[in-house]
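Engineer: sequence first, predicted coordinates after that:
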2 protein chains.
Amino acid sequence: MTEFRDKRLNLRKKMSNKLHVTLLVIGDEILYGRTTDLNGAWLSKFLFKNGLYFKNMIFVRDQESDIKEALKNALLQSDIVITSGGIGPTLDDKTKKILAEYFDKKIIERDNVASIVDENYRRFGREWIRSLNYYHYFPEDFIAINNPKGLAPGLGFYKNQKLVLAGPGVPREFQAMNEWEFLPIIKKYFQDKFQENQQVVVRTRSIPEEKILWMELSNFGSVSSLPHTIGIDIVVSFTGTTEDQIVILEKIKQIISTTPLEEYVWQYGNDPLPISILNLAKEKQLTFAFAESCTGGLCSSKITDLSGSSEVFYGSVISYDNSVKINELNVLVSTLDKFGAVSLECAKEMALGVKNKIKVDIGISITGIAGPTGGSSEKPIGTVVIGICYGDTLESYRYQFPGDRIRLKERFSDMALYHLLCAIKKY
Amino acid sequence: MTEFRDKRLNLRKKMSNKLHVTLLVIGDEILYGRTTDLNGAWLSKFLFKNGLYFKNMIFVRDQESDIKEALKNALLQSDIVITSGGIGPTLDDKTKKILAEYFDKKIIERDNVASIVDENYRRFGREWIRSLNYYHYFPEDFIAINNPKGLAPGLGFYKNQKLVLAGPGVPREFQAMNEWEFLPIIKKYFQDKFQENQQVVVRTRSIPEEKILWMELSNFGSVSSLPHTIGIDIVVSFTGTTEDQIVILEKIKQIISTTPLEEYVWQYGNDPLPISILNLAKEKQLTFAFAESCTGGLCSSKITDLSGSSEVFYGSVISYDNSVKINELNVLVSTLDKFGAVSLECAKEMALGVKNKIKVDIGISITGIAGPTGGSSEKPIGTVVIGICYGDTLESYRYQFPGDRIRLKERFSDMALYHLLCAIKKY
């Protein structure tokens, strides 16, 4: 352990001089309430993964004075300023013009930029007509950056140990440019300061706070707990290589296996439930179907968000009305009369019914009360029952969650997916 | 029209001195990639609706120096600075401490704050034990603000024509505090500058840009076009009362009814499709069900996101695998062999099948190719066919959309909902 602690000390020392990044989002759309920002949320994860410190994020309107002021502040505070938006094809395009003025550079016609634009157009199967736009008018001495998923080249400028990188506003283009172009440029200019971050994620359910092993895990890095719909993810973050990560994951598994934490862990690694389900179901060649009542199709929709789901997911019955439960899933009228639709008994019959109907290996049912009406003292809003049927197994489980209708649908569906994953593991 | 133009001129003059607002989001969670910001997106709409100009938005870490610097910049740029986050129960709680220091005020024990906290606890059915936290330690001369959905009071301070309002970070609490508490305070301090904004939204499909009537509509306010999944919303924004809005909506309807724009309009007002569908289906007492293939439950899930959907939505069959199309929806094997699952013929049989099976008034089917695999030159990725069956009507429509799998699922499902709305209108 001593050797390992020494290594951690080195890692910590390395973390203290992380590179600071400011994101400057330029444009009216978000402040006008017309679109929601996706670039900030994406960048926060991307920077973290790559060991960069996301210092702050500034959203400004399409006003020259506002943009210049924000740029000035950002350059005072961070090593790297990434901008998004305003690198379009017109001559007076805001970001390009302002950056050129700010660093006192002329905008000139540049052939090397023209060839990047040529190539971008070619990738989309189109021909670029130079006279129709001004992509190739570009500040002198600036780095012209390829746009892997768009037409407008990005801009880069390095001066006095500060790097400015200007990318597109469209999330798809912004993300690709950061991953494929900006990151190598950052590595090049800040070679000595660059470092990679790693995470080990331990996914748990129903864990009491005191069982998290904060002390033991903090030997490996900074430990945090991240609540998700059906439990808590324990996240251990540290600076290191992917090889370090494999070693640390194994050590963490070893430690957990000797403690009471183990019984709460259901997954190492942060694959979302639908991905874990598809991977394991394909491996074991198992098929499944849902009988969804209160989730109204959300379980099925989450599974079919993934390409290749058709190999193992055949279909579902959405039995919102009791008539569909009776006619399509063979739920007994007497069951509904005696126990109600939200009951352990009804969930079992629904799971069995859909398994037989769709002819799959595993049937999963969800019946509950998502509110805001329909609750009772015995079965309050937030009550859900999950039924599972496979082989000789026919089980059902009742849970109670807090939240509004949309959040409850999220939680109910994730709870059903969790049980599906367990069933595939046990099958 | 002259009278109306005069009024518009007055409105425009009023818009030029709008109140400027900066949002300062305090906390590590978002920049660390742990949560996504919801307050900024919500506030942008809220400010717009209330005639306030959202100048910029700054996200900072939980660092005193960063927060102070951002606050200083914000106060230079805006009339009103709204902060979110950091108003919790501890004595050294960041936002409270920094605001007090910034305006040179002492934090003291205040009885009127204590009674707000008492009341907040009572609302949650709990008793506040004063010795256990520091909610009532509050900067002198600050306004203590009720928290309609939480425990921590908000803070307000007005000086030199600048107003700072500090609210909680939790979106539910932040939103309620803005609507019920901040807005009246803003109205009080800036009475003469306060004004309401209104919008008229005209929702269209397949409209060519030149048909938007930019000129004619700009007589009523600023006109913009907002693309959504299946078409374009034309948005006319203006300063005025709700009475003005009713008048202007009628005038806009009149103008559009005499132009070729009319044939592209499918809705006035910006109700999302599921809401329009539920309202009209309830009014006409019509029930419906989906046969979903490529959307995998998304149509049904969107409908069941709304409370009260069970009155008109009975259930669906998700027929992802062809076996389910054949066995449950009575699609003919010969249809699949001859035309394939993504065909006008198959969509019709699916719609008819689900209408009969779930015993509803309207059956809607969706079959398509969401990718990233499964496309062909004849039926490329993005192809979708929607089938509709009601009364004597049995129709199907083929469309082609761009986008990745998730976006295509969105577009396919909205297209199906659009056809459902049309069917309910015609029924």
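Structural biologist: Alright, I've got the coordinates.

Engineer: in the stretch 51-200 of chain A, what residue spans correspond to strands?
Structural biologist: A:53-60, A:80-84, A:107-109, A:137-139, A:143-145, A:154-159, A:162-167, A:197-204 (DSSP state E, counting those that start in this stretch).

Engineer: closest one to chain B among those?
Structural biologist: Proximity to chain B (Cβ to the nearest Cβ) singles out strand A:53-60 among the strands of the stretch 51-200 of chain A, at 4.0 Å. C-beta: built from backbone N, CA, C; applies to glycine.

Engineer: could you give the angle of that closest one to strand A:80-84?
Structural biologist: 40 degrees (axes from the mean of the first three to the mean of the last three Cα atoms, to 10 degrees).

Engineer: what about stretch A:352-364, start to end distance?
Structural biologist: Chord length of stretch A:352-364, first to last residue, is 8 Å (Cα to Cα, to the nearest Å).

Engineer: for the closest residue to A:S276 other than its chain neighbours, give me its contacts.
Structural biologist: Closest residue in space to A:S276, ignoring its immediate chain neighbours: A:L421 at 5.7 Å, by Cβ to Cβ, 6 or more residues apart in numbering or on different chains. For A:L421, the contact set (Cβ atoms under 8 Å, 6 or more residues apart in numbering or on different chains) comprises A:W266, A:L273, A:S276, A:I277, A:L280.

Engineer: in strands, which of these fall?
Structural biologist: A:W266 (DSSP state E).

Engineer: TSV for the contacts of A:L421, including neighbour count?
Structural biologist: Formatted as TSV, the contacts of A:L421 follow (neighbours: other Cβ atoms under 10 Å in any protein chain shown):
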residue	neighbour count
A:W266	17
A:L273	24
A:S276	21
A:I277	25
A:L280	16
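
Engineer: relative to chain B, which of the contacts of A:L421 is nearest.
Structural biologist: When the contacts of A:L421 are compared against chain B (criterion: Cβ to the nearest Cβ), the nearest one is A:I277, at 13.9 Å.

Engineer: pLDDT at the closest one, what is it?
Structural biologist: Looking at A:I277, its pLDDT reads 98.

Engineer: just A:A416 next, same as before
Structural biologist: On the pLDDT scale, A:A416 gets 98.

Engineer: do the one 5 residues further on as well
Structural biologist: Looking at A:L421, its pLDDT is 97.

Engineer: assumed it was part of a strand.
Structural biologist: No: according to DSSP: H, G, I helix; E, B strand; the rest coil, A:L421 belongs to no strand; its state is helix.

Engineer: please report the distance of it from A:K253.
Structural biologist: 19 Å (Cβ to Cβ, to the nearest Å).

Engineer: same question for A:T83.
Structural biologist: Counting by Cβ to Cβ - A:T83 and A:K253 are separated by 42 Å.

Engineer: between those two, point out the one with more neighbours.
Structural biologist: A:T83 (29 against 14; other Cβ atoms under 10 Å in any protein chain shown).

Engineer: can you pull the contacts of that one?
Structural biologist: A:T83 touches A:L23, A:L24, A:V25, A:I26, A:L71, A:T95, A:L99, A:V164, A:L165, A:A166, A:G167, counting by Cβ under 8 Å, 6+ apart.

Engineer: how about a markdown table for those, with neighbour count and pLDDT added?
Structural biologist: Output for the contacts of A:T83, formatted as a markdown table (neighbours: other Cβ atoms under 10 Å in any protein chain shown; pLDDT from 0 to 100):
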| residue | neighbour count | pLDDT |
| --- | --- | --- |
| A:L23 | 27 | 97 |
| A:L24 | 24 | 97 |
| A:V25 | 26 | 95 |
| A:I26 | 25 | 91 |
| A:L71 | 23 | 96 |
| A:T95 | 26 | 92 |
| A:L99 | 25 | 95 |
| A:V164 | 24 | 98 |
| A:L165 | 24 | 98 |
| A:A166 | 27 | 98 |
| A:G167 | 30 | 96 |
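
Engineer: and of the residues you listed, the nearest to B:T393?
Structural biologist: Looking at those and their distance to B:T393, the nearest is A:V25, at 47.9 Å (Cβ to Cβ).

Engineer: isn't that closest one right up against A:M57?
Structural biologist: Yes: here A:V25 reaches A:M57: they are 7.0 Å apart, a contact under Cβ atoms under 8 Å.

Engineer: and the closest residue to A:T287 other than its chain neighbours, how many neighbours?
Structural biologist: Distances taken as Cβ to Cβ, 6+ apart put A:V360 closest to A:T287, at 4.1 Å, once the chain neighbours are dropped. Number of residues near A:V360 (other Cβ under 10 Å) recorded here: 25.

Engineer: likewise the one 10 residues further on?
Structural biologist: The number of residues packed around A:A370, counting by other Cβ under 10 Å, is 29.

Engineer: tell me the confidence at it?
Structural biologist: pLDDT, A:A370: 95.

Engineer: mind checking how far it is from chain B?
Structural biologist: 8 Å (Cβ to the nearest Cβ, to the nearest Å).

Engineer: residue contacts, that residue?
Structural biologist: A:A370 touches A:C294, A:T295, A:I381, A:R405, A:L408, A:K409, A:F412, counting by Cβ under 8 Å, 6+ apart.

Engineer: among those, which lie within helices?
Structural biologist: Those of the contacts of A:A370 mapping onto helices are A:R405, A:L408, A:K409, A:F412, per DSSP state H.

Engineer: how close does A:W214 get to A:D404?
Structural biologist: For A:W214 relative to A:D404 (Cβ to Cβ), the value is 32 Å.

Engineer: what's across from A:F59 in the sheet?
Structural biologist: A:V25, B:M57 (DSSP bridges).

Engineer: now the closest residue in space to A:S222 that isn't next to it in sequence, what's its secondary structure?
Structural biologist: Using Cβ to Cβ, 6+ apart and skipping the chain neighbours, the partner closest in space to A:S222 is A:S237 (5.1 Å). Per three-state DSSP, the secondary structure class of A:S237 is strand.

Engineer: residues near A:S237, how many?
Structural biologist: 18.

Engineer: my read: it touches A:L217, true?
Structural biologist: No: A:S237 lies out of contact with A:L217 (Cβ under 8 Å); the separation is 10.5 Å.

Engineer: joint contacts of those two?
Structural biologist: With the criterion set as Cβ under 8 Å, 6+ apart, the overlap between the contacts of A:S237 and A:L217 is A:V223.

Engineer: sorry, back to before: contact partners for the residue nearest to A:T287?
Structural biologist: Contacts of A:V360 by Cβ under 8 Å, 6+ apart are A:T287, A:F288, A:A289, A:Y314, A:V354.

Engineer: mind doing that once more with 7 Å?
Structural biologist: A:T287, A:F288, A:A289, A:Y314 (Cβ atoms under 7 Å, 6 or more residues apart in numbering or on different chains).

Engineer: sorry, back to before: only the buried subset of the contacts of A:A370, as a PyMOL command please.
Structural biologist: Entered in PyMOL, the line below selects the buried ones among the contacts of A:A370, by 16 or more other Cβ atoms under 10 Å in any protein chain shown:
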select buried, chain A and resi 294+295+381+405+408+409+412
